[in-house]
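Participant: just coords:
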């Protein structure tokens, strides 16, 4: 099996995550889809590290994880705050920013 | 020879088998995330994908990341997600009806476009050179290799990312903090308020499970006129649609006859 | 220029200060406003007299004095100083302006006594005096320009003094607009002078002309521009239409501004610029033509007017035509033009004041057909007006005889066919003048009473009659005094440098005595016709008869001057304005609004993308990603 397959899988997962962001309305699910996209890119990093024989890709993945963790913390806090004031976790309901 | 080492630019058969079993599962789980109605199911499907990814990390000679993936993502982050889901309400299930006109079809088209282009670009990219593998780098152990690089070349990024983490923690606290605008009400005041608002029963809500024939929390109590009291059951159970009909447990003639 | 004087500035400053005080002062000044104004004018007259006597005390070639005030404009080598210049030419005007001006101030005290805005009236009169003095005292075309605009403003304010009547306000506007046309000429002249000579002072331009710095074409253009200015201010053909309407102002204004002083500013300008006209033959010829046309034009209008002030206004136009004609005749003409200007200042101001006196007694009636037989009721007015009448028609030894006779003389001497034509025109003008002035006299003071029922004619108060008497004395004696031994001409000689010593021996077309006889004959004919038509026993209808020849009708309509102006300028102007309004509306506003509405349309189109749905925005991110990836894919093919 070629290592390229990992990359194809990564692209596929990334695409599915993107579609999920566009399709799902529950803010938490949207958030999970974003996590999926980040993880997909991590897989690509790890695969690249193996292809190149360099540890750097793994480090990038590591940093991505940290950033993703931060993002989850802040993002979920925002979702909770919005939910607290609007009683809804739907991204479609928070649409005041328009004409 | 290491199972992960690369022979003739190809992985070894066990890895291929692993991939071809796990990859479809992951893709299907990911697709499932898009179509299931309940957020909890989405979260569980995501957990499946993440565990699969962790396994692939390990297969790709990144055992440290694989463990971190399980601990941080499948453990901490997913727990956080589920926790928030509980907080926001398990009943917040999406209706899958699309409200924005043309959003779904364009989303699918856009995503397919991205995926198609990514895969076609990948397939055309010149990746066909000799794969190095990480045997050399991981000679002293994967964790050691990562540590060496992290604390030398990437030490600055490491420090910065620690600042980011602290900021994120502080940000979450600020966001979650609620300023008290009015003085806290005492118990006496709350009681007086409750008496004044006749909508809330002063004596408290009726308890469920009048007929303890079943798991009693999902059975509404019966009011004196014989109708079920909805307020006696948790709203979450009602939202989940797991409310039992008390009439099914009512003693009827047939039962009485049966006893006789 | 030699000698300086520190007093010149007071000539302007005193009336200007008085005008400022009167305009800015409160109603508390209402009771003394007229006294302040009259005193200011008198003070200016006294200063003028002192300067005059000081001047007479100096040798003829040293009589001009200057007073530098400050540097006005300083750009590189170009310097314009605010400098005042008083020479023999200026002093004539200074004395005329302040002298006649003071008399008219005194007259106005009584004439305007019932007007609640008398203080404002005197403020404007003082403003006019100051501006007119600046006009004649400035030593450069630029200073003159300031005074020129100042008198235009004062004239506008005074014509429209009773601006509660729309017709009067319109008359003021008409005068202002006609003057603006002339002002364009003056500003052009200033620019030409600056470009050609690098200087705008009289001396600088004179030196430049003498040094031959400018081409003949440039000089003729300069002359034509100056003529245009003069034509506008002096109500000469073709910008004469405003003068008749300017009679809307109070009569003292007509006497001071529109008879004695301001309208003669054109004559002053041409005389002052004699160094230009002496070498610009085409421009000079134009001056003569304008003068000749106007003198007949005004005379013909004068014959048809029943409004006493408009008849006098037409006469003014005609007389200034004489002066302009004289200035166009070269060095010999300037002094005679000035002489006629001064004598005209006396008798015309006197006659206007007389007309004002008549109106004062007749409930402000101006139609001569409603006068008649006033000589018994207003003896002083009759006598003073009559003396002015004798002076204007040129009966010896009254002032007009000397000055007009000289102009006819030099017109005849112009040489060749030009001399004969000009001589004939001036003689014809003299005859017509005699006719219409006699008509005015006969219709006003003789014949039968044709008064309105409520008219109770009475003699005017002393404050009004005294100035009339003084002016009448001037009408009698000025010509004689001026002409005594050519003293006036000699007095002005250093300014115009005209060689009058040889004048006496110059070959005349006709001997002076013959010219005088011809002129007197023409006058006699004019007077006889008038007596035959309007004299004793002839009935004068109270309403102007309608069944008259087409020529009379045309003359009554001011020789169609207004119709011509309306057809040539006003209507096309209105059409142009309308067209421009449409262009403004459709094109300019359209463009502005178009940009606005285009922006709005584009915005409201683009606004649709701002749905507020985060997912829509995310979709655009994906579209962008697709775009980038597609680009990479295409580039890497």
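Facilitator: Noted; the coordinates are in hand. Because the structure is predicted, anything quoted here is derived from the model rather than measured.

Participant: and residue C:404, that one's in a helix?
Facilitator: Yes - if the criterion is DSSP: H, G, I helix; E, B strand; the rest coil, then residue C:404 is within a helix.

Participant: how close does it sit to chain A?
Facilitator: In this view, residue C:404 and chain A are 85 Å apart by CB to the nearest CB, to the nearest Å. From N, CA and C alone the C-beta is placed, and that goes for glycine too.

Participant: go on, residue C:256?
Facilitator: Going from residue C:256 to chain A by CB to the nearest CB gives 70 Å.

Participant: enumerate every residue touching that residue.
Facilitator: By CB atoms under 8 Å, 6 or more residues apart in numbering or on different chains, the contact list for residue C:256 reads C:100, C:101, C:104, C:125, C:128, C:262, C:349.

Participant: what's the helix or strand for the fourth one?
Facilitator: Element membership of residue C:125, judged by DSSP states H and E, is helix C:118-137.

Participant: what does the last one give?
Facilitator: Using DSSP H and E, the secondary-structure element containing residue C:349 is helix C:331-361.

Participant: who does whichever strand or helix holds residue C:318 touch, helix- and strand-wise?
Facilitator: For residue C:318, the host element (DSSP H and E) is helix C:308-327. Packed against helix C:308-327, as judged by 3 or more CB pairs under 8 Å, 6 or more residues apart in numbering or on different chains; DSSP states H and E, are the following elements: helix C:241-245, helix C:251-255, helix C:265-272, helix C:281-304, helix C:331-361, helix C:399-412, helix C:416-445.

Participant: so which of these comes closest to residue C:459?
Facilitator: helix C:331-361 (7.2 Å; CB to CB).

Participant: how far is that closest one from where the chain is centred?
Facilitator: Distance, stretch centre to chain centre, for helix C:331-361: 13 Å (CA atoms, centre = their mean, to the nearest Å).

Participant: other SSEs contacting that helix?
Facilitator: When contacts are defined as 3+ CB pairs under 8 Å, 6+ apart, helix C:331-361 packs onto helix C:88-111, helix C:251-255, helix C:265-272, helix C:308-327, helix C:379-393, helix C:399-412, helix C:462-483, helix C:487-496.

Participant: got the buried residues for it?
Facilitator: Using 16 or more other CB atoms under 10 Å in any protein chain shown as the test for burial, helix C:331-361 gives C:331-361.

Participant: re the thing from before, with mean pLDDT and mean neighbour count added, can I get the helices and strands packed on helix C:331-361 in JSON lines?
Facilitator: As requested, the helices and strands packed on helix C:331-361 are exported to JSON lines (pLDDT from 0 to 100; neighbours: other CB atoms under 10 Å in any protein chain shown):
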{"stretch": "helix C:88-111", "mean pLDDT": "89", "mean neighbour count": "25"}
{"stretch": "helix C:251-255", "mean pLDDT": "86", "mean neighbour count": "29"}
{"stretch": "helix C:265-272", "mean pLDDT": "90", "mean neighbour count": "27"}
{"stretch": "helix C:308-327", "mean pLDDT": "89", "mean neighbour count": "28"}
{"stretch": "helix C:379-393", "mean pLDDT": "88", "mean neighbour count": "24"}
{"stretch": "helix C:399-412", "mean pLDDT": "84", "mean neighbour count": "27"}
{"stretch": "helix C:462-483", "mean pLDDT": "84", "mean neighbour count": "21"}
{"stretch": "helix C:487-496", "mean pLDDT": "79", "mean neighbour count": "19"}
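
Participant: using CSV, lay out those together with distance to residue A:85.
Facilitator: Formatted as CSV, those follow (distance: least, CB to CB, whole Å):
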stretch, distance to residue A:85
helix C:88-111, 83
helix C:251-255, 80
helix C:265-272, 83
helix C:308-327, 86
helix C:379-393, 97
helix C:399-412, 101
helix C:462-483, 90
helix C:487-496, 95
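
Participant: about what we covered before: continuing past the helix holding residue C:125, what's the next helix or strand?
Facilitator: Counting by DSSP H and E, the next helix or strand C-terminal to helix C:118-137 is helix C:141-159.

Participant: list the buried residues for that following helix?
Facilitator: Using 16+ other CB under 10 Å as the test for burial, helix C:141-159 gives C:141-145, C:147-159.

Participant: which other helices and strands does that helix contact?
Facilitator: strand C:65-75, strand C:78-86, helix C:118-137, helix C:166-197, helix C:216-233, helix C:265-272.

Participant: try it again at 7 Å.
Facilitator: If you count contacts as 3 or more CB pairs under 7 Å, 6 or more residues apart in numbering or on different chains; DSSP states H and E, helix C:141-159 packs onto helix C:118-137, helix C:166-197.

Participant: surely residue B:244 is in a helix?
Facilitator: No - inclusion of residue B:244 in a helix is not indicated when three-state DSSP is applied; the result is coil.

Participant: let me know the pLDDT of it.
Facilitator: Looking at residue B:244, its pLDDT reads 74.

Participant: ramachandran coordinates for it?
Facilitator: Per-residue torsions, residue B:244: phi -90, psi 150 (degrees, to the nearest 10).

Participant: re the thing from before, want to try a markdown table for the helices and strands packed on helix C:141-159, with mean neighbour count and distance to chain B as columns?
Facilitator: Shown next, in a markdown table, are those (neighbours: other CB atoms under 10 Å in any protein chain shown; distance: least, CB to the nearest CB, whole Å):
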| stretch | mean neighbour count | distance to chain B |
| --- | --- | --- |
| helix C:118-137 | 26 | 69 |
| helix C:166-197 | 19 | 66 |
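
Participant: check the secondary structure at residue C:49 for me.
Facilitator: Assigned state for residue C:49: helix (three-state reduction, three-state DSSP).

Participant: state the distance from the nearest residue to it once chain neighbours are set aside to chain B.
Facilitator: Of all residues not flanking residue C:49 in the chain, residue C:95 sits nearest, at 7.2 Å (CB to CB, 6 or more residues apart in numbering or on different chains). Look at residue C:95 and chain B: by CB to the nearest CB, they are 91 Å apart.

Participant: sorry, back to before: by contact count, what packs against the helix holding residue C:125?
Facilitator: If you count contacts as 3+ CB pairs under 7 Å, 6+ apart, helix C:118-137 packs onto helix C:8-24, helix C:33-56, strand C:78-86, helix C:88-111, helix C:141-159.

Participant: distance between that helix and the chain's centre?
Facilitator: In this view, helix C:118-137 has its centroid 14 Å away from the chain centroid, taken as CA atoms, centre = their mean.

Participant: what about the nearest residue to residue C:50 once chain neighbours are set aside, distance to residue C:274?
Facilitator: Closest residue in space to residue C:50, ignoring its immediate chain neighbours: residue C:7 at 6.9 Å, by CB to CB, 6+ apart. Distance, residue C:7 to residue C:274, by CB to CB, to the nearest Å: 27 Å.

Participant: same drill for the two, tell me which one is more crowded.
Facilitator: Applying other CB atoms under 10 Å in any protein chain shown to residue C:7 and residue C:274 shows that residue C:274 carries more neighbours, namely 21 against 16.

Participant: I'd say the more buried one and residue C:492 touch.
Facilitator: No - if you go by CB atoms under 7 Å, residue C:274 and residue C:492 don't touch, sitting 10.5 Å apart.

Participant: give me the common contacts of these two.
Facilitator: Here residue C:274 and residue C:492 share no contacting residue, scored by CB atoms under 7 Å, 6 or more residues apart in numbering or on different chains.

Participant: how about the closest residue to chain A within chain B, secondary structure?
Facilitator: As assessed by CB to the nearest CB, chain A sits closest to residue B:132 within chain B, at 2.5 Å. Secondary structure, three-state DSSP: residue B:132 is coil.

Participant: for it, phi and psi?
Facilitator: phi -80, psi -40.
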